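Asker: here are the coordinates; sequence isn't available:
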Ligand SMILES: NC(=O)c1ccc[n+]([C@@H]2O[C@H](COP(=O)([O-])OP(=O)(O)OC[C@H]3O[C@@H](n4cnc5c(N)ncnc54)[C@H](OP(=O)(O)O)[C@@H]3O)[C@@H](O)[C@H]2O)c1
């Protein structure tokens, strides 16, 4: 059922006007929430897809529809009349099946352009990269225009280090590898541009999205130290030590695999490249790691 915040609009006509109808799957997520807020000011007919339409913290003007990626029968009804679809599901062991079901529902519903949030990285067995490769390969074979966004590591991954940085150090198995962190707001801005463009039905695009430069964890620690005015260090762990520490912290094993795999990608600098794509598409330089740390410094101070 599709409704505006707090209003039952099940009888609301979906056949509308000239405005493109855009659905955002993952509208409450890190990229999806910014994207939804941006598109709310554009001349589009927007619907945010979420498991909890009443709890979603989105602009009041945005219509919502309840879906659950895990319940594939909920997907098609939410896509009725939709021209363009953004797909981002938070990491899940069922992500491949779920996103493929969403792609199938979109094609069956007549969606003409799918923008999928993926991940940059090599062809690999590591998760979540391997999941995204499978979904991308499936999407590429479908009769629908597509744009795949392949960002590097999100800057806000560093929030996980918050408590540890407060006490003076954080650790991991990233070694001396270089990582180019990207601000999720820049990904959202690229997604907005991709969704607003009228593209050809045969179009299949992929964008590699990065921040302005790559950093080693030691350099990130120096930046923390400079901004906090006290010494912060990065403690090197082996992958086995990191796995043990994450399991001891009570994280589910699939998530531990993701984080240890991510550290391998960091260690090998496979997410270290710098591209000019964000600036070319949005007209603005990507946000810097220093800017993000400065905005979020309270998280690391106390
Ligand atoms: N973290 C990184 O550094 C990084 C880098 C590159 C790519 N990525 C990719 O970015 C994507 C998003 O990751 P994230 O961690 O940033 O996610 P996130 O922001 O936490 O977003 C999770 C979103 O997924 C939706 N969702 C989750 N399970 C759902 C379900 N069963 N049914 C409907 N919606 C569901 C949530 O919607 P509701 O809760 O509202 O239902 C929420 O909007 C992932 O595919 C990840 O691989 C991440």
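Answerer: In hand now; what should we look at? As the structure is a computational prediction, the values presented were derived from the model and not from experiment.

Asker: where's the residue nearest to residue 165 when sequence neighbours are not counted, which helix or strand?
Answerer: Distances taken as Cβ to Cβ, 6 or more residues apart in numbering place residue 300 nearest to residue 165, at 4.3 Å, with adjacent residues excluded. C-betas here are computed from N, CA, C, even on glycine. Residue 300 belongs to helix 297-301 when assigned by DSSP states H and E.

Asker: which neighbouring elements make contact with that helix?
Answerer: helix 162-166, helix 217-228 (3 or more Cβ pairs under 8 Å, 6 or more residues apart in numbering; DSSP states H and E).

Asker: give me the contacts around it.
Answerer: 159, 161-162, 165-166, 224, 227-228, 232, 293 (Cβ atoms under 8 Å, 6 or more residues apart in numbering).

Asker: circling back: and the helices and strands packed on helix 297-301, which one's lowest on average pLDDT?
Answerer: Mean pLDDT is lowest for helix 162-166 among the helices and strands packed on helix 297-301, at a mean of 93.

Asker: next SSE after it?
Answerer: strand 169-172.

Asker: pull up the pairing partners for that following strand, direction included.
Answerer: strand 233-236 (parallel) (DSSP bridges).

Asker: surely residue 93 meets residue 254?
Answerer: Yes. Counting by Cβ atoms under 8 Å, residue 93 touches residue 254, with 5.0 Å between them.

Asker: more neighbours: which of the two?
Answerer: Comparing residue 93 with residue 254 by other Cβ atoms under 10 Å, the one with more neighbours is residue 93, at 15 against 12.

Asker: which SS state does that one fall under?
Answerer: With DSSP: H, G, I helix; E, B strand; the rest coil as the basis, residue 93 sits in coil.

Asker: now swap in residue 208 and tell me
Answerer: Relying on three-state DSSP, one would call residue 208 strand.

Asker: can you tell me how far it is from the ligand?
Answerer: Separation of residue 208 from the ligand (Cβ to the nearest ligand atom, to the nearest Å) stands at 11 Å.

Asker: what's the burial count for that residue?
Answerer: Using other Cβ under 10 Å as the criterion, the residues surrounding residue 208 number 16.

Asker: repeat for residue 104
Answerer: Residue 104 has 15 nearby residues by other Cβ under 10 Å.

Asker: look at it and give its secondary structure.
Answerer: helix.

Asker: related to what we said a few turns ago, how distant is the helix holding residue 300 from the center of its chain?
Answerer: 23 Å (Cα atoms, centre = their mean, to the nearest Å).
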